[in-house]
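>>> Need the 3D shape of this:
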Amino acid sequence: MSLYQLTIYRNLLHYSYANRIASIPVGNSQIWPLYAIKCFSHQSSSTNISPDEVKVGDEVLNQIIAPRENASNCSHEIVDACIDKICGLGHLAAAAQLLKSLCNEKISLNSSKAYDMVLLAASERGDTPLLCQVFKVAVVSCKSLSSASYMSFARAFTKTNDSSKLLECVKEIVEVTSQNCSVINRIIFAFSKCREIDKAFQIFNQMKCLSCTPDLYTYNIVLDMLGRAGRVNEILHLFVSMKDEGIAPDIVSYNTLINSLRKL
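Numbers count the residues shown, from 1 in each chain. Okay, here's the model as predicted:
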């Protein structure tokens, strides 16, 4: 055993719960991921976390954060390594719980890839409830999510024809972001990149019902999407509705319209 490993193990207290022994790091914020990985690696392949495990995880998090003078300095590399390991073990709900706890403690993960990893894993698994849960936490806690996270969100819903869950999730996202139009714009753009035109259009139509008024950028995204699909009649209708809504088309809007008409 190396000196580094010996130091780590000397900083561990042993805590027994549910007939298991889990190692809890105390007083050293740099080794807490070892606890999380050890704890969650003992779970079954299910993504569900028992109440006891959530409680213990929160207690450990409190022990980590309490001594810190500035919790926002939590190392992104450490968080990323921990989340990567937990996702690799298949415990996505456990990873989601850790991210939520970090968010609740106002620990910034703006430079972290943790949300990207969990959203990608949830998307690949097709776990849309977990995906929505993590995405809502992410848009609240991060200044700007990566394009990869938005693409993971969109791809998860390409595997189903049921749009009700998608629209419900979008509604919840609008609520937690205080009608932040830029977040919904990026979601629509991600769906357009996935060529999920109908779903993107459904989100666009839902915006008006959620007090999240489409802006010029929203219209340009949808115009471009329809133009690439050759749906000229819908472009013309949308162009007219822009003026009805008091949104003046810009050069991008007109270029999309002209290029679409040339294809006729």
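>>> So which helix or strand of the protein has the lowest pLDDT on average?
Within the chain, confidence by mean pLDDT, DSSP states H and E is lowest for strand 12-17 among all helices and strands, at a mean of 31.
>>> quick one: Lys171 and Gln202 touch, right?
No - checked against C-beta atoms under 8 Å, the pair Lys171 and Gln202 is beyond contact range at 11.8 Å. Where C-beta positions appear, they are placed from N, C-alpha and C, glycine not excepted.
>>> So those two - more neighbours on which side?
More neighbours surround Gln202 than the other of Lys171 and Gln202, with 16 against 13 (other C-beta atoms under 10 Å).
>>> ok, the more buried one - contacts?
Listed by C-beta atoms under 8 Å, 6 or more residues apart in numbering, the contact set of Gln202 reads 163, 166-167.
>>> Please, which helix or strand holds it?
Using DSSP states H and E, Gln202 sits within helix 197-207.
>>> again, but for Met117
Secondary structure from DSSP H and E places Met117 in helix 114-125.
>>> export whichever helix or strand comes after that helix as CSV, just CAs?
The helix or strand immediately downstream of helix 114-125 is helix 128-141, counting by DSSP H and E. Presented in CSV, the C-alpha positions along helix 128-141 are these (Å, rounded to 0.1, in the frame of the first residue of the first chain):
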residue,chain,number,x,y,z
THR,A,128,-36.5,9.9,-19.1
PRO,A,129,-37.8,10.5,-15.6
LEU,A,130,-34.3,10.5,-14.2
LEU,A,131,-33.1,12.5,-17.2
CYS,A,132,-35.7,15.2,-16.5
GLN,A,133,-34.9,15.2,-12.8
VAL,A,134,-31.1,15.8,-13.4
PHE,A,135,-31.7,18.3,-16.2
LYS,A,136,-33.9,20.5,-13.9
VAL,A,137,-31.1,20.5,-11.3
ALA,A,138,-28.5,21.2,-13.9
VAL,A,139,-30.2,24.3,-15.5
VAL,A,140,-30.7,25.7,-12.0
SER,A,141,-27.2,25.1,-10.7
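>>> ok, then the element right after helix 128-141?
With elements assigned by DSSP H and E, the helix or strand that comes after helix 128-141 is helix 147-156.
>>> Tell me which helix or strand comes right after that next one.
Taking DSSP H and E as the definition, the helix or strand right after helix 147-156 is helix 164-176.
>>> And that next one, what does it pack against?
Applying 3 or more C-beta pairs under 8 Å, 6 or more residues apart in numbering; DSSP states H and E, we find helix 164-176 packed against helix 128-141, helix 181-193, helix 197-207.
>>> Name the residues of it that come out as buried.
Burial within helix 164-176, assessed by neighbour count using 16 or more other C-beta atoms under 10 Å, is assigned to 166-167, 169-170, 173-174.
>>> That helix: how far from the chain's middle?
Helix 164-176 sits 13 Å away from the centroid of its parent chain (C-alpha atoms, centre = their mean, to the nearest Å).
>>> got the phi/psi numbers for the nearest residue to Cys142 once chain neighbours are set aside?
Of all residues not flanking Cys142 in the chain, Asn110 sits nearest, at 5.6 Å (C-beta to C-beta, 6 or more residues apart in numbering). Dihedral angles of Asn110 (phi, psi; degrees, to the nearest 10) stand at phi -60, psi -30.
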